[in-house]
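Q: based on what follows, work out the 3D shape:
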Amino acid sequence: MERDLSNYRKTYQKGELLKSQIPENPMELFRDWFIEVDTHFNVGETNAMTISTIGLDGFPKSRVVLLKKYTFEGFIFYTNYKSEKGKAISLNPAVCLSFFWPAAERQIIIKGKAEKIAENLSDGYFESRPRGSQLGAIVSNQSEVISSREELEQKLQTLEKSYEGKSIDRPDFWGGYIVKPEELEFWQGRPNRLHDRIRYKLQSDYSWQIDRLCP
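A: All right, here's what the predicted structure looks like:
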């Protein structure tokens with residue numbers, strides 16, 4: 001099977017990213033971009049992000065998760081701690097996050113270290129989830145082999161009956177991570193492939209070095 005994609009072309013002309021117009025703290029720029037994309041572009045899940053880890057087999061692996069909170073300290077998402085990504089983070093907390101918003105012709109790449117958030121914060125978020133999502137988190141041994149879809153659905157039905165009329169506590173194998181950034185790169189598409197790339201690198205005094213990169 002072969003398909004030639006060399007004729008796929010797009011002209012980027014929806015914005016610019018000038019060093020003279022950006023804040024000293026990259027989290028302010030992230031906030032501004034996120035709000036702008038979420039408000040003015042029909043992106044769908046603006047908070048969808050790709051997280052890349054180094055797996056136990058030595059290979060990098062990327063998958064899409066949902067950002068649930070961002071602060072000046074970092075980016076928070078939730079998952080099963082015993083999943084493939086959870087085991088990878090336990091072995092090597094260095095991860096990469098990326099956001100791609102094609103409607104805005106923007107991309108953000110974030111390098112940082114992931115660590116578990118406080119248990120009470122994970123408890124609070126778990127309590128806010130729909131009941132079906134709570135049960136789904138418990139019933140799924142994420143990343144483990146399963147014989148069939150029917151087996152999974154049967155496990156869910158059994159769990160629904162056992163929790164009927166009861167509150168559901170967060171399982172200790174499920175919770176949040178915060179990725180504390182050490183480097184952020186903001187990419188804005190520009191004409192003639194001369195894209196704007198601005199990189200922030202965290203310094204030892206916690207200031208940010210700002211550089212423009214060649215596209």
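Q: so what pairs up with the residue nearest to Phe100 when sequence neighbours are not counted in the strands?
A: Computed as C-beta to C-beta, 6 or more residues apart in numbering, the closest residue to Phe100 that is not its neighbour in sequence is Gln107, at 4.9 Å. Bear in mind the C-beta positions are built from the backbone N, C-alpha and C, glycine included. Counting by DSSP bridges, Gln107 forms beta bridges with Phe100, Trp187.
Q: tell me who's in contact with Gln107.
A: 98-101, 186-187 (C-beta atoms under 8 Å, 6 or more residues apart in numbering).
Q: if you set the cut-off to 7 Å instead, what comes out?
A: Neighbour list for Gln107: 98-100, 187 [criterion: C-beta atoms under 7 Å, 6 or more residues apart in numbering].
Q: now do Lys68
A: 76-78, 125.
Q: please apply the same query to Arg170.
A: Contact analysis of Arg170 by C-beta under 7 Å, 6+ apart lists 122-123, 126.
Q: secondary structure element for it?
A: Per DSSP states H and E: Arg170 is located in neither a helix nor a strand.
Q: look at it and report its pLDDT.
A: On the pLDDT scale, Arg170 is placed at 97.
Q: distance check, it against Ile110.
A: 27 Å (C-beta to C-beta, to the nearest Å).
Q: pull out the buried residues from the host helix or strand of Ile109.
A: Assigned by DSSP H and E, Ile109 belongs to strand 106-116. For strand 106-116, burial by neighbour count (16 or more other C-beta atoms under 10 Å) applies to 106-114, 116.
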